[in-house]
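K.L.:
sequence and predicted structure are below.
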Amino acid sequence: MAASPTAGVPVCIDDFEAIAKSTLPAATWGYYTSGANDEDTLRDNREAFRKYKLRPRILRDVSKVNTTTTILGKKARTPLCVAPCAMHELAHPDGEIGTSKGQPIYQKQPLFISTEDINGSIVNQPKMAVADLGSVMILSTYSTKALEKVIAANSNPDTHYWFQLYVYKERGISEKLVRRAEAAGFEALVLTVDAPVLGRRLLDARNRFNPPPYIRLENFIEGSATGDGTLDKSESETFGETFGNRGDAGLTWEEGIAWLRSITKLPIILKGVLTAEDTELAVKYGCAGVIVSNHGGRQLDGVLATIDALPEVVEAANGRIEVYMDGGVRKGTDIIKALALGARAVFIARPILYGLAYNGEAGAKLALKILQDELESGMALSGCRDINDINESLIHFPGHQPQPRRLGYYPSKL
Ligand SMILES: Cc1cc2nc3c(=O)[nH]c(=O)nc-3n(C[C@H](O)[C@H](O)[C@H](O)COP(=O)(O)O)c2cc1C
Ligand SMILES: CC(C)CC(=O)C(=O)O
């Protein structure tokens, strides 16, 4: 784990986390950072990356590194994407609009963070010699900026917006959200399937976490500038109660997924798939992709780390649908490992919240830029010029690779 920032300017995601911890109100920090129950899965998500060692190739021309790829058939300039997170405004008033405008930026002379950056100039003044780099941002149903406003704030055609959906017992609420997402230009629906009920988050319970009164879930405010939803959160309900009371824990493949497919032509991505069996069903029920996710360790504690679950899902999908992952991605080499194990794209959640907490839109941009720089430098150091050069041969699987050769294995004449 990296040390905390020395000069106060973050140079890696762990620095952002340390700053967020010391600046955010305790209950917000708790809500953002914590996981369910013993937090075993939360910890494992990060720790598991360490088991997979890299097998770099050398002496390949890596003077230019290209991270361009496609996601759901659309061009993206990087496989680094933004996962849905409720209530970005808890971190900073820029909220989801700051994150949206803070989509990854691409430096024409990439690879390393310059001394100038480290000294802080980019923090308040993102360089002008950069063009926005498009990838995917998934907006949470529980955003604090209305979905129309978030998508309208973007000016980069290479940035793709997907809308994350929970299905409510009152289906009309979900259907309205789908219609608005379609009308606003969202390109896919991400149905979160690992939260039929809310995970037991002990820190939130101890803190009696409830968003402060200034937080508005704008997608649900009737009569707001853009919102026409009907799920107003009453003042007396806790956040968890709102979620539990409205969400449909009875959702099934046969009825729920079929219902969603019947009301929209947008591609449907399932978020929260961890097994081959459910991947097979996702294919059967016409989903366009799955996100291998355990909700950042916030739902069922004790499930596999996502990087460990990924190979099983990739194998089951067998190229029929796209497989993405999230959970514990904090470094460029984490992204490389996930891509090498078959993920088409990688999503991050808490790093964005920590970036926003640091400095709003500019902070989110800086967090994304650091990860993008780390991805590019990691690719160069691994001998990968192109995203397609990243494959399984880069990974030393624990227990699967040829055993490390013992000293004396080679004939002495060599
Ligand atoms: C504060 C917070 C709020 C979240 N809100 C949502 C949400 O509204 N919908 C959703 O599908 N996932 C939500 N997630 C889960 C993330 O999308 C993602 O699966 C997970 O956090 C990824 O792990 P990471 O935080 O280690 O990057 C949330 C996660 C956090 C930390
Ligand atoms: C409870 C949800 C509204 C947000 C969420 O998914 C989360 O906090 O993990």
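P.N.:
Sure thing, it's come through. No experiment lies behind these values; they were computed from the predicted model shown. Ligands and ions are numbered 1, 2, ... in the order given.
K.L.:
contacts only, for the closest residue to residue 99 other than its chain neighbours.
P.N.:
Nearest residue to residue 99, sequence neighbours excluded (C-beta to C-beta, 6 or more residues apart in numbering): residue 364, at 5.0 Å. Just so you know, the C-beta spots here come from the backbone N, C-alpha and C atoms, and that holds for glycine as well. By C-beta atoms under 8 Å, 6 or more residues apart in numbering, the residues touching residue 364 are 94, 98, 99, 102, 352, 355, 356.
K.L.:
just flag the most distant two among these.
P.N.:
Using C-beta to C-beta, those span at most 11.4 Å, a distance reached by 94 and 352.
K.L.:
quick one: which of the two has more around it?
P.N.:
Of the pair residue 94 and residue 352, residue 352 is the one with more neighbours under other C-beta atoms under 10 Å, namely 27 against 22.
K.L.:
so the more buried one makes contact with residue 367?
P.N.:
Yes - between residue 352 and residue 367 there is a contact under C-beta atoms under 8 Å: 6.3 Å.
K.L.:
overlap of the contact sets of those two?
P.N.:
What both residue 352 and residue 367 touch, as defined by C-beta under 8 Å, 6+ apart, is the set residue 102.
K.L.:
on that earlier part again, let me know the helix or strand that the residue nearest to residue 99 is in.
P.N.:
Taking DSSP states H and E as the definition, one finds residue 364 inside helix 350-382.
K.L.:
so what's the residue in the chain that ligand 1 sits nearest to up against?
P.N.:
At 2.6 Å from ligand 1, residue 296 is the closest residue in the chain, using C-beta to the nearest ligand atom. Contacts for residue 296 (C-beta under 8 Å, 6+ apart) come out as 35, 42, 45, 326, 327, 328, 349, 350.
K.L.:
who wins for most neighbours among the residues you listed?
P.N.:
Busiest of these [other C-beta under 10 Å] is residue 327, holding 32 neighbours.
K.L.:
how far away is it from ligand 2?
P.N.:
Relative to ligand 2, residue 327 is positioned 12 Å away (C-beta to the nearest ligand atom, to the nearest Å).
K.L.:
equivalent analysis for residue 278, please.
P.N.:
Residue 278 is 19 Å from ligand 2, by C-beta to the nearest ligand atom.
K.L.:
same check, this time on residue 324
P.N.:
Residue 324 is 17 Å from ligand 2, where distance means C-beta to the nearest ligand atom.
K.L.:
and the pLDDT for the residue of the stretch 251-400 of the chain found nearest ligand 2?
P.N.:
Nearest residue of the stretch 251-400 of the chain to ligand 2, counting by C-beta to the nearest ligand atom: residue 298, 4.5 Å away. At residue 298, the model reports a pLDDT of 98.
K.L.:
verify the stated contact: it with residue 42.
P.N.:
Yes - at 7.5 Å, residue 298 counts as touching residue 42 under the criterion of C-beta under 8 Å.
K.L.:
give the residues shared as contacts by those two.
P.N.:
Shared contacts of residue 298 and residue 42, counting by C-beta under 8 Å, 6+ apart, come down to 34, 35, 36.
K.L.:
so the second one, which of the three states?
P.N.:
Same thing as residue 35. coil (DSSP: H, G, I helix; E, B strand; the rest coil).
K.L.:
OK, contacts around it?
P.N.:
41, 42, 43, 199, 201, 296, 297, 298, 301.
K.L.:
now the helix holding residue 364: how far from the chain's centre is it?
P.N.:
Averaging C-alpha positions (C-alpha atoms, centre = their mean, to the nearest Å) puts helix 350-382 12 Å from its chain's average.
K.L.:
touching ligand 2 at all, it?
P.N.:
No - interface with ligand 2: helix 350-382 contributes nothing (C-beta under 6 Å from any ligand atom), its closest point being 10.6 Å away.
K.L.:
and that helix, what's buried?
P.N.:
350-382 (16 or more other C-beta atoms under 10 Å).
K.L.:
poorly predicted segments of the stretch 301-414 of the chain, please.
P.N.:
398-414 (pLDDT under 70).
K.L.:
quick check: residues of it near ligand 1?
P.N.:
Checking the stretch 301-414 of the chain against ligand 1 by C-beta under 6 Å from any ligand atom, the hits are 326, 327, 328, 329, 348, 349, 350.
K.L.:
got JSON lines for those residues, with secondary structure and distance to residue 14 too?
P.N.:
Converted to JSON lines, these look like this (DSSP: H, G, I helix; E, B strand; the rest coil; distance: C-beta to C-beta, whole Å):
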{"residue": "326", "secondary structure": "strand", "distance to residue 14": "18"}
{"residue": "327", "secondary structure": "coil", "distance to residue 14": "16"}
{"residue": "328", "secondary structure": "coil", "distance to residue 14": "12"}
{"residue": "329", "secondary structure": "coil", "distance to residue 14": "12"}
{"residue": "348", "secondary structure": "strand", "distance to residue 14": "13"}
{"residue": "349", "secondary structure": "coil", "distance to residue 14": "15"}
{"residue": "350", "secondary structure": "helix", "distance to residue 14": "11"}
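K.L.:
show me which of the residues you listed is closest to residue 22.
P.N.:
The closest of those, once distances to residue 22 are taken by C-beta to C-beta, is residue 350, at 15.6 Å.
K.L.:
that closest one against residue 33, yeah?
P.N.:
Yes - with contact defined as C-beta under 8 Å, residue 350 reaches residue 33; the gap is 6.9 Å.
K.L.:
hang on, the earlier thing: of all the contacts of residue 296, which two lie farthest apart?
P.N.:
Top of the distance list for the contacts of residue 296 (C-beta to C-beta): 35 and 326, 13.7 Å.
K.L.:
count the neighbours of the nearest residue to residue 327 once chain neighbours are set aside for me.
P.N.:
Closest residue to residue 327 apart from its sequence neighbours, by C-beta to C-beta, 6+ apart: residue 306 at 3.7 Å. Per other C-beta under 10 Å, the neighbour tally for residue 306 reads 29.
K.L.:
from now on call the first residue 44
P.N.:
Fine by me, first position is 44 from now on; the one you just mentioned is residue 349.
K.L.:
give the contact list for residue 349.
P.N.:
88, 91, 317, 335, 336, 337, 368, 369, 370, 371 are the contacts of residue 349 under C-beta under 8 Å, 6+ apart.
K.L.:
closest to residue 440 among the residues you listed?
P.N.:
Looking across those and measuring by C-beta to C-beta, the closest to residue 440 is residue 91, at 12.3 Å.
K.L.:
perfect, I'm done here.
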